[in-house]
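Enquirer: Return atomic coordinates for the entry below.
(one chain, ligands or ions: 1)
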Amino acid sequence: MYLNRRRFLAAGSVALGALTRLPAATTGSKLNAVKSPLSTSEPPTPLDAITHYNNFYEFGTDKEDPSKNAYKLRTSPWSVKVEGAVAKPRVLDLDAIFKIAPLEERIYRHRCVEAWSMVIPWVGFPLNALLKMVEPTSKAKYVTFESYYDSKTMLGSFEAGIRFPYVEGLRMDEAMHPLALLAVGLYGENLPNQDGAPFRLVVPWKYGFKSIKSIVKIRFVEKEPPTTWSVQVPQWYGFYSNVNPDVNPVRWDQSKERRIGEVFKRKSVIFNGYGDQVAGLYSGMDLRKYF
Ligand code: MTE
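Expert: Alright, predicted model coming up:
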């Protein structure tokens, strides 16, 4: 998430490229999904931009790198360990994951801490369906997530500038919130590798780095867990990382954002515009302290 001139220019070229190029990414088989009332009616960002302007440091730190390198990710077979403070720990394969709950199309705004945004038509199911299935115990106060990591096919931590495996976490009530999604697809098809195949977290009211990709472990814990970026640069990235135009610990001005495909910046909105649904999770909390 180190902004450089090249990256800034790349944002512009994706914006133009998305309009002029044919969609290049084929994302696999069609998924049956019902439309969700939780979707935004804003127009989705073109598939080409969603699949060629990515942050997936395991496959490179430039925005185009994941689209070039993520073919190395083998997504089948895949298994996810669900463990920790739960009555029913499980190891789930992809078949089991797809059967947890009916798939929904959820069109969400996606806001990166680098001050760009997209609108993505995800396909997935509420994270809370998986959480309920394993029956968290009273000790489960937080949920942690870990991404797949393979040093042979992915960047080393030194080259990427962050520690691997990538880890993230949510407070239990955040994880149970109906907007928190486990995505298995986008634009009606399986997730492209560069977008976090075979399944990833999507937390639309938080900065994009909370939405961890290619998950292999979910663990329920009692204490607030370390997360990749908050360990890396604690003065910039907090555990909560809710989109907040009034709090600017990071070098990027968070008051505005550039929607990929648009020329002019737009004003950013607290909780990325999902405040009506999620503000209650943080009532009484000082959002400057808990950024
Ligand atoms: N997950 C992993 N494992 N590795 C990463 O580098 N980048 C994060 C998040 N999840 C990242 C990750 C960041 S910074 C953002 S903005 C989003 O993924 C980007 O998702 P997208 O490439 O699908 O837009």
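
Enquirer: mind listing what the closest residue to the ligand within the stretch 151-291 of the chain touches?
Expert: For the stretch 151-291 of the chain and the ligand, the shortest gap (C-beta to the nearest ligand atom) falls at residue 208, measuring 2.6 Å. Backbone N, C-alpha and C define where each C-beta goes, glycine included. Residue 208 makes contact with 55, 110-113, according to C-beta atoms under 8 Å, 6 or more residues apart in numbering.

Enquirer: next one: residue 113
Expert: 1, 207-209, 237, 241, 250, 252, 254.

Enquirer: Now tabulate those residues in CSV and tack on secondary structure and pLDDT.
Expert: Below are those laid out as CSV (DSSP: H, G, I helix; E, B strand; the rest coil; pLDDT from 0 to 100):
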residue, secondary structure, pLDDT
1, coil, 62
207, coil, 98
208, helix, 98
209, helix, 98
237, coil, 93
241, coil, 97
250, coil, 70
252, coil, 78
254, coil, 95
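
Enquirer: Now which of these would you call buried?
Expert: Buried residues within the contacts of residue 113, counting neighbours by 16 or more other C-beta atoms under 10 Å: 1, 207-209, 237, 241, 250, 252, 254.

Enquirer: Pick the one among the residues you listed closest to residue 177.
Expert: Taking C-beta to C-beta as the measure, residue 177 sits nearest to residue 241 out of these, at 14.8 Å.

Enquirer: Closest to the centroid, which residue in the protein?
Expert: residue 211 (2.1 Å; C-alpha atoms, centre = their mean).

Enquirer: That one and residue 115, how far apart?
Expert: According to C-beta to C-beta, to the nearest Å, residue 211 stands 16 Å off from residue 115.

Enquirer: Then residue 240?
Expert: 18 Å.

Enquirer: what does residue 184 give?
Expert: 28 Å.

Enquirer: Tell me which of those two has more neighbours.
Expert: residue 184 (24 against 20; other C-beta atoms under 10 Å).

Enquirer: Which residues are in contact with that one?
Expert: 31, 97-98, 103, 123-125, 190-191, 198-199.

Enquirer: Any chance of those residues in JSON lines with secondary structure and distance to the ligand as columns?
Expert: Formatted as JSON lines, the contacts of residue 184 follow (DSSP: H, G, I helix; E, B strand; the rest coil; distance: C-beta to the nearest ligand atom, whole Å):
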{"residue": "31", "secondary structure": "coil", "distance to the ligand": "17"}
{"residue": "97", "secondary structure": "helix", "distance to the ligand": "17"}
{"residue": "98", "secondary structure": "helix", "distance to the ligand": "20"}
{"residue": "103", "secondary structure": "coil", "distance to the ligand": "18"}
{"residue": "123", "secondary structure": "strand", "distance to the ligand": "13"}
{"residue": "124", "secondary structure": "strand", "distance to the ligand": "13"}
{"residue": "125", "secondary structure": "strand", "distance to the ligand": "18"}
{"residue": "190", "secondary structure": "strand", "distance to the ligand": "14"}
{"residue": "191", "secondary structure": "coil", "distance to the ligand": "9"}
{"residue": "198", "secondary structure": "coil", "distance to the ligand": "13"}
{"residue": "199", "secondary structure": "coil", "distance to the ligand": "12"}
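
Enquirer: are any of these buried, and which?
Expert: By 16+ other C-beta under 10 Å, the contacts of residue 184 give 31, 97-98, 103, 123-125, 190-191, 198-199 as buried.

Enquirer: follow-up on the earlier one: any idea which of the contacts of residue 113 is closest to residue 143?
Expert: Of all the contacts of residue 113, residue 143 sits closest to residue 241, with 15.1 Å by C-beta to C-beta.
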